[in-house]
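Asks: Any chance you could fold what I've pasted below:
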Amino acid sequence: MPVLKRPQGARTIEVPARHIPVLGEAEVLVVGGGPAGLGAAIGAAEAGADVILVERHGYLGGNATAALVMPFTSYHTQRPAPQRAGAATLCPTDHGPGEPAIGGVLQRLVHRLVQEGGAIAPAANNGYVVPFDPEIFKLVTLKLLDEAGVKFLFHAFATDVLNGDRDRGVLFETKSGPGIIKAQVMIDCTGDGDIAARAGARYEVGREDDGLVEPMTLMFLMAEFEREKFEEYVEEHPEEWYGVHGLWDLIRQATVDGELNLPREDILLFGTIHQSQVAVNSTRVTKVLGTDVWDLTYAEYEGRRQLREVARFLQRYVPGFARSYVVQSGFSTGVRESRRITGEYKLTEEDVLQARKFEDVIARGPYPIDIHHPKGKGTTMKRLPPDEAYDIPLRCLLPKGVDNLLVAGRCISGSYEAHASYRVMPISIATGQGAGVCAALAARERIKPGAVNAGEVQTELLRQGANLGRLNSHGTRQKPA
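Replies: You can find the predicted model right below:
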């Protein structure tokens, strides 16, 4: 394998000190333009802050665009309505109609995507997921930032943080050289908690017993998919398909034939807004960490090896795929899990499964605990009670021992099990919006984010259309002592 091997030992070279220019200044700096970063930037700007968002790619969306992680998972509460085996929907439909648990920036984004012809609106017959076109997603999110008055910089990779009394900001490496953007308050929306870790925040990684994280996945799109032929096959072989999962008999046959060695237990397909395209979520790279460059390099290599094998299996064995081909793969492998920053509160599995409520709620999550086995085959799904969602408290966004910084998205404070629910994109947008509002209020009042009154954050979130459950009609509560 041509992948560069990890060096042994700790050989280092001293480099000269650098004088680094200041590229810009803002009240709130958002690092990362993925789902959490979009929520944070728009939330902070609408709360009145001067905001700069910095993204390492040349477009917005993060995993939604760079890794082709689509569709949006359901952000509605669930009502049990088991689907019969063999229903070829290509969208999850194993729960009945429920109520949206997330509003605000997410709902506006979905509305604009649908308006621009870039998404299918949530409906009972698609399990309330939202298939979207990643290219239209890039355009719509640019418009939303522009309308909110957010300044942004692309092609800048965050490498360090300044968080002193005099200078606060983040160091970026760019094609134009290094640069610093200063800010009163910073929001880490990198997904991996890069900025918080650099600032000295404590964090956890993986399972408690062995430290392993959920596997990475390289997603890809197949074009010239003949949906009717696939649906006819499923109708004739109902035991072969359930919702978006299946093809077990065909997988077994291909394995016996020596054509397939699938690291996961089934094939997972998602419909898109285009009838002749389907998204494939079936590669699984285990025992790798998204904050390790050697692991990331190997994951890209192994993910594309698996992609070729899965695509060939679909073409040769599965009706409807004979003429299909890979039209696009993720520009980078999708990372489900890396650092979980230790915050003022740690969300637990019990909090999720009991749909626990908190006085300082700033976002809600209705998605089940969805754990892809860290060692290979197997997926564990644990659902919330019917018609319920859990609260995410503001304290999960406040790193312990680090001032002037919030985290949002999948790196917020929580257990391994809780993370397997709140890591999804709709919830990441919601925690981003909560972090953005808190950061804006902290900058306005010139106080630390941890000193901001949670009731004031809730009031502004409700004004922005966020869904805070019981607070929607009963007003806000004060931050607990």
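Asks: C-alpha only now, for contacts and for neighbours.
Replies: Noted.
Asks: Following the record's annotation, map out the domains of this structure.
Replies: 22-63+70-75+130-209+338-474, 220-329 (automatic domain parsing).
Asks: Quick one: low-confidence residue ranges for the stretch 351-481 of the chain.
Replies: 474-481 (pLDDT under 70).
Asks: in it, which spans are strands?
Replies: 361-365, 369-372, 379-382, 390-393, 405-407 (DSSP state E, counting those that start in this stretch).
Asks: Of the domains of the chain, flag the one that's most buried.
Replies: Highest mean neighbour count among the domains of the chain (mean count of other Cα atoms under 10 Å): domain 22-63+70-75+130-209+338-474, with a mean of 22.
Asks: Now do the same contact list for the residue lying closest to L221 once chain neighbours are set aside.
Replies: Leaving aside its sequence neighbours, L221 sits nearest to A279 (Cα to Cα, 6 or more residues apart in numbering; 4.6 Å). A279 makes contact with M70, M219, F220, L221, M222, L269, F270, G271, T272, according to Cα atoms under 8 Å, 6 or more residues apart in numbering.
Asks: Can you tell me which of the residues you listed end up in strands?
Replies: When DSSP state E defines the strands, the subset of the contacts of A279 inside them is F220, L221, M222, L269, F270, G271.
Asks: hang on, the earlier thing: each with direction, which strands does whichever helix or strand the residue nearest to L221 is part of pair with?
Replies: In the assignment (DSSP states H and E), A279 maps to strand 278-280. Sheet pairing here is set by DSSP bridges, and for strand 278-280 it gives strand 220-223 (antiparallel), strand 267-271 (antiparallel).
Asks: got any ranges where this structure has weak pLDDT?
Replies: 81-97, 124-125, 474-481.
Asks: now the helices for it?
Replies: 35-46, 104-115, 134-148, 194-198, 227-236, 248-256, 293-317, 349-353, 416-422, 425-445, 454-463, 471-474 (DSSP state H).
Asks: any chance of the contacts of A279 in JSON lines, plus distance to I427?
Replies: Formatted as JSON lines, the contacts of A279 follow (distance: Cα to Cα, whole Å):
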{"residue": "M70", "distance to I427": "14"}
{"residue": "M219", "distance to I427": "20"}
{"residue": "F220", "distance to I427": "23"}
{"residue": "L221", "distance to I427": "24"}
{"residue": "M222", "distance to I427": "28"}
{"residue": "L269", "distance to I427": "22"}
{"residue": "F270", "distance to I427": "20"}
{"residue": "G271", "distance to I427": "21"}
{"residue": "T272", "distance to I427": "21"}
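Asks: what's the closest of these to A389?
Replies: M70 (21.8 Å; Cα to Cα).
Asks: State the distance from that closest one to I273.
Replies: 11 Å (Cα to Cα, to the nearest Å).
Asks: so what's in contact with those two at the same time?
Replies: P131, F132.
Asks: show me the contacts for the nearest residue to L145 once chain neighbours are set aside.
Replies: Of all residues not flanking L145 in the chain, I42 sits nearest, at 6.6 Å (Cα to Cα, 6+ apart). Neighbouring residues of I42 by Cα under 8 Å, 6+ apart: V105, L144, L145, A148, V150, Q433, G436.
Asks: now do Y367
Replies: Neighbours of Y367 in contact, by Cα under 8 Å, 6+ apart: T73, S74, Y75, H76, T77, R383, L384, A389, S421, Y422, V424.
Asks: how does it look with 7 Å?
Replies: The neighbours of Y367, taking Cα atoms under 7 Å, 6 or more residues apart in numbering as the test, are Y75, S421.
Asks: one step back: got the helices of the chain as JSON lines, with distance to A66 columns?
Replies: Below are these laid out as JSON lines (distance: least, Cα to Cα, whole Å):
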{"stretch": "helix 35-46", "distance to A66": "12"}
{"stretch": "helix 104-115", "distance to A66": "17"}
{"stretch": "helix 134-148", "distance to A66": "9"}
{"stretch": "helix 194-198", "distance to A66": "18"}
{"stretch": "helix 227-236", "distance to A66": "26"}
{"stretch": "helix 248-256", "distance to A66": "29"}
{"stretch": "helix 293-317", "distance to A66": "13"}
{"stretch": "helix 349-353", "distance to A66": "29"}
{"stretch": "helix 416-422", "distance to A66": "20"}
{"stretch": "helix 425-445", "distance to A66": "13"}
{"stretch": "helix 454-463", "distance to A66": "28"}
{"stretch": "helix 471-474", "distance to A66": "34"}
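Asks: nearest spatial neighbour of A299, skipping sequence neighbours?
Replies: V285 (6.1 Å).
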